[in-house]
Structure formats: C-alpha cells, structure tokens
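Colleague: this one's structure only:
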Ligand SMILES: Cc1cc2nc3c(=O)[nH]c(=O)nc-3n(C[C@H](O)[C@H](O)[C@H](O)COP(=O)(O)OP(=O)(O)OC[C@H]3O[C@@H](n4cnc5c(N)ncnc54)[C@H](O)[C@@H]3O)c2cc1C
C-alpha cells in the first residue's frame, strides 16, 4: 500500500495536504458553495503522475475526485477526506493542421484549447465559457456554438488516452477499446481518467458575434420567432435564447442596466459577409433595446462571459431536455424568466438540432438525440445570503418546465440532487453503460460524478 510519502516520491507535480501552503486554494472548485476538505490534492504533471494518484486512492480505499476545469456545479472536482487528481497543469495542445485533428491534455480549459488551435484557423465544438474544462464538458456530451454545424463535442472525439481503475494506460478509439470509447462519449468521468483527448477540427477562425436585448415583456414573441427560425437556419448559426439582467456594458443604454431582458446570443461561423443577413430573423423578433454585432476571433466570443462569471460564485442549476418550444413551454419561460434574481443568473435554451441529430441515440452514450433544446436554469450569484431566493427561483422554474419536458436531463447541467434521474438521462444507453462500468471500474473507484453504479 502506497503511503503519502511514497506518493510524493512517485510524482513530479505538487502534492498538497492540509499542512501545505496553497491547500485552501487547492481544495476549492469553481462553485463557491462547495466547501470540502480532501486529504490530498495532487497537481499531476503527466500520465505517470495520474497513474500514481489513481493507484494511491485505490490501494488506500480513498474516494477519488478527478478535476479538469473544476466547473462541475455539484462540485465533483473535490471531496471530503479523499484524493483529488487535479489535471489543470496538464494543458498541452498539439495540432495536426494537415489532418485537421488536435491532441489536447485533459487539464485544458476551452480558453487554452481555443487559443492554441486559433493560430491554425481551426476549432471544434466546445463550451460557451472559456474557463470551463474540456475534460468534464467533453465526457458529458458537449454543447456549444458550433454544435449545429459540427455536432456535439463527443461527435468530434476521435480518441482518448485513459488511465483505468486497475492502473493501465489505454487508448480508446473506434478501433481500440471500442466499448470504452463509446461510454466515454457522454458517460462522464465514470470510466477512468482521460489524460488526453484527440478531436476532429474544423476551419473556424473569426466569427460574427451577435447579442440582442429585447424588452422582457416581449419574451413570448422572441422565443416563438427564435424557435421557428432555428429549426432550419443555416447550420453555421449557433444561437440560444436566454433571460439576463442587463450588465453595465457600453452598448446597453445606462437607464436599462440592472433590468431583466429577453436576449438572444448568436455566433455565425459561416462566410462573414452573410452574417448580418443570417442574424436578421433573430433581431427582427421584437423591437430591440440594445444590440452588439461584431466580427471577432472565435476565442474572443468564447471568453466574453468569463468576467461576468468569476470563480467563487454560488451555483445551483437544473436542466431539462425539450422537444420543442410549444406555446405551453413558452408560457412557462415568459412567467419565470423575467423573475431572474441575480445579474449572473440566467436561463439558456441551447439548440441541439442540426448535426447533433445526425447521430443515432445509441451511437454514443448521449441518448437524447431527438431533443431540440437542452435547457439550463443556471442560478449564479455572489452572496451566500441570497441562496434561498436564487435556489427557489431555479426550483420553481424547473418544477414548471419539467412536466412539459422529456424525462432526464443533460448530465453536465444536472444538480447534485439529481442522481435519481440518471437512468432517464441515459435512456436507451443506461444498461450498456452499466455493463461497460462493470468491465472497466467494477469497484466504482470513479464515483465522484453523476455515478453509473456498476
Ligand atoms: C460557467 C459554466 C458554463 C458552462 N457552459 C457549458 C456549455 O456551454 N456547454 C456544455 O456542454 N456544458 C457547459 N457547462 C457544464 C460543464 O460541461 C460541466 O460543468 C463540466 O462537468 C465541466 O467540466 P470541467 O472539467 O470544468 O469540470 P470538473 O469539475 O473538473 O469535472 C467535472 C466532472 O468530469 C470529470 N472529469 C473532468 N475531467 C476529466 C478527465 N480528464 N477524465 C475523467 N474525468 C474527468 C470529473 O471527475 C467530474 O465528475 C458549463 C458549466 C459552467 C459552470
């Protein structure tokens, strides 16, 4: 059995315990509501460090939290009394421009990944916030601006290097460990530590970004108009409707700051000259209060919300998949959206149509290919004193939407108290996921996640 001293000798990265400087920061994750105290945080430098960390947790029968970007809202990137395998120092990206592929180490954020690939004029579907990790986001499915054109992030995953519970390093792909490769594409962190991902890349360099603010009492018109347009809009349009309190940004009239709005955020990755025309049906949905339309590097749009969403906010989220914006669904949004209680809190309805629908429900572990929207009610606020009001807003909104939605939800947006919805979240794929889990992690070493119990 490895001791802590032996672990320190085996790894190159820092090993941080309560007695070490930096522990307070090392134990924390992005969600400031999470207040856990792991026994040890290992800042892994390479695959060998990951192997040693996994072995230490397994042999000492300690809980093991794997941390990529630390964005898990339920706080799966830390634990009490266990081991944290922190990948954040493993952030190399190697682009093969001729093959249009990229290997990226598991500790990258979308910010570091997009920056590295931008120089080659290449991108793949990733999250809308730069500080989110590629690790958790990819393993849960991956929804973002480029999804309508290129599919979910998992639809662009070509291979993964994995450290398994029994201490092997394997490469999972269509040709090697195919069951593991299938399960990794949507099954979350249940099957091992992915130390590197290989993605298919697409020619995306500069995009046209658009943000449109409409009066909140016109939300029903905005949502109905958006819903009709996005069904067949050009695939290079990534756009989602939301509710948002106006931040003090220069393009918003000062008298509107602090008021709630119905908004649409858009990214056009097709030919730049077509952008304004493609945006027109979005912006014509209702009279505009403010708009921002500008060409910019794709990584700049990806980083646009990061200042609004620093680490340490309180987070409580709920999610549903919806087949359509029916009049009943729109009525719920029009009632609850305008009550958004904090500047950072929001509702986003991400379209997962277009290329996401080209993949069969059982081709990857992500089953809800027939959904049109992955909707997230994301409570995010700075002051713990406001917890009750914000959590109540999320729960009431969710309670009203749930009867009108498909069962289950997107695992990456699910809350810590949603474990009972996992079978529905995986639908037709749940039983096969359990089988693969039994093969690769029969002892459930990887259980600090939306857990598929072997
Ligand atoms: C501000 C914000 C914006 C978001 N935007 C989007 C979005 O646009 N699209 C979207 O699809 N989702 C989005 N999400 C949800 C996001 O996908 C999940 O929170 C995801 O789990 C974050 O991954 P991470 O690596 O940052 O998190 P972590 O907390 O580090 O990890 C999350 C889970 O994944 C596992 N994990 C992480 N990396 C690895 C790895 N390399 N190997 C094995 N297991 C691993 C962890 O064990 C844990 O269970 C957003 C979340 C936040 C907070």
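Modeller: Thanks, I have it. Because the structure is predicted, anything quoted here is derived from the model rather than measured.
Colleague: Run the chain-centre distance for stretch 395-411.
Modeller: Relative to the chain's own centre, stretch 395-411 is displaced by 18 Å; criterion: Cα atoms, centre = their mean, to the nearest Å.
Colleague: Kindly report the same for stretch 161-175.
Modeller: With Cα atoms, centre = their mean, you get 23 Å for stretch 161-175.
Colleague: Now the terminal residues of that stretch, how far apart.
Modeller: 13 Å (Cα to Cα, to the nearest Å).
Colleague: How about residues contacting it?
Modeller: Stretch 161-175 is contacted from outside by 47, 50-51, 54-55, 58, 158-160, 176-178, 180-181, 184, 191-198, 440-443, 445-446, using Cβ atoms under 8 Å, 6 or more residues apart in numbering. C-beta here means a position set from N, CA and C on the backbone, and glycine is covered the same way.
Colleague: any idea how far the ligand is from residue 402?
Modeller: 19 Å (Cβ to the nearest ligand atom, to the nearest Å).
Colleague: How about the contacts made by the residue nearest to the spatial centre of the chain?
Modeller: By Cα atoms, centre = their mean, the chain has its centre lying nearest to residue 137, at 4.0 Å. For residue 137, the contact set (Cβ under 8 Å, 6+ apart) comprises 69, 71, 110, 126, 127, 153, 412.
Colleague: neighbour-wise, which of these leads?
Modeller: residue 126 (30 neighbours; other Cβ atoms under 10 Å).
Colleague: Go ahead and confirm that one touches residue 111.
Modeller: No: the pair residue 126 / residue 111 is not scored as a contact, 9.5 Å apart, by Cβ atoms under 8 Å.
Colleague: out of the contacts of stretch 161-175, which are inside strands?
Modeller: Per DSSP state E, strands hold the following members of the contacts of stretch 161-175: 158, 159, 160, 193, 194, 195, 196, 197, 198.
Colleague: which ones among those residues come in contact with the ligand?
Modeller: Within the set of these, contact with the ligand (Cβ under 6 Å from any ligand atom) is found for 193, 194.
Colleague: that older thread, and the residue nearest to the centre of the chain, helix, strand or coil?
Modeller: With DSSP: H, G, I helix; E, B strand; the rest coil as the basis, the three-state label of residue 137 is helix.
Colleague: Residue 270: which of the ones in strands among the contacts of stretch 161-175 is nearest?
Modeller: Proximity of the ones in strands among the contacts of stretch 161-175 to residue 270, judged by Cβ to Cβ, is greatest for residue 158, which lies at 24.2 Å.
Colleague: That closest one: what's its closest spatial neighbour, skipping adjacent residues?
Modeller: residue 198 (4.6 Å; Cβ to Cβ, 6 or more residues apart in numbering).
Colleague: what residues are up against the one you found?
Modeller: Contacts of residue 198 (Cβ under 8 Å, 6+ apart): 101, 102, 103, 104, 157, 158, 159, 160, 173.
Colleague: can you count the residues close to the second one?
Modeller: Residues within reach of residue 102, counting by other Cβ under 10 Å, total 24.
Colleague: so it sits in a strand?
Modeller: Yes: under three-state DSSP, residue 102 sits within a strand.
Colleague: Go ahead and confirm it touches residue 94.
Modeller: Yes: counting by Cβ under 8 Å, residue 94 is a contact partner of residue 102 at 6.6 Å.
Colleague: Without its sequence neighbours, what residue ends up closest to residue 354?
Modeller: Per Cβ to Cβ, 6+ apart, closest to residue 354 is residue 148, 3.2 Å.
Colleague: Please, which helix or strand holds the one you found?
Modeller: helix 147-150 (DSSP states H and E).
Colleague: now swap in residue 377 and tell me
Modeller: Counting by DSSP H and E, residue 377 is found in strand 373-381.
Colleague: ok, then the element right after that strand?
Modeller: That would be, after strand 373-381 and using DSSP H and E, helix 387-401.
Colleague: just checking, next helix/strand downstream of that next one?
Modeller: By DSSP H and E, the next helix or strand past helix 387-401 is helix 422-426.
Colleague: follow-up on the earlier one: quick one: pLDDT of the residue nearest to the centre of the chain?
Modeller: Model confidence at residue 137, given as pLDDT, is 98.
Colleague: cool, and the one 10 residues further on?
Modeller: Residue 147 carries a pLDDT value of 98.
Colleague: Who are the contact partners of the nearest residue to it once chain neighbours are set aside?
Modeller: Closest residue in space to residue 147, ignoring its immediate chain neighbours: residue 125 at 4.9 Å, by Cβ to Cβ, 6+ apart. Counting by Cβ under 8 Å, 6+ apart, residue 125 makes contact with 142, 143, 144, 145, 146, 147, 150, 151, 152, 153, 155, 156.
Colleague: just those now: which is nearest residue 320?
Modeller: After measuring the contacts of residue 125 against residue 320 - Cβ to Cβ - the closest member comes out as residue 143, at 13.6 Å.
Colleague: What does the closest one show for phi and psi?
Modeller: phi -110, psi 140 (degrees, to the nearest 10).
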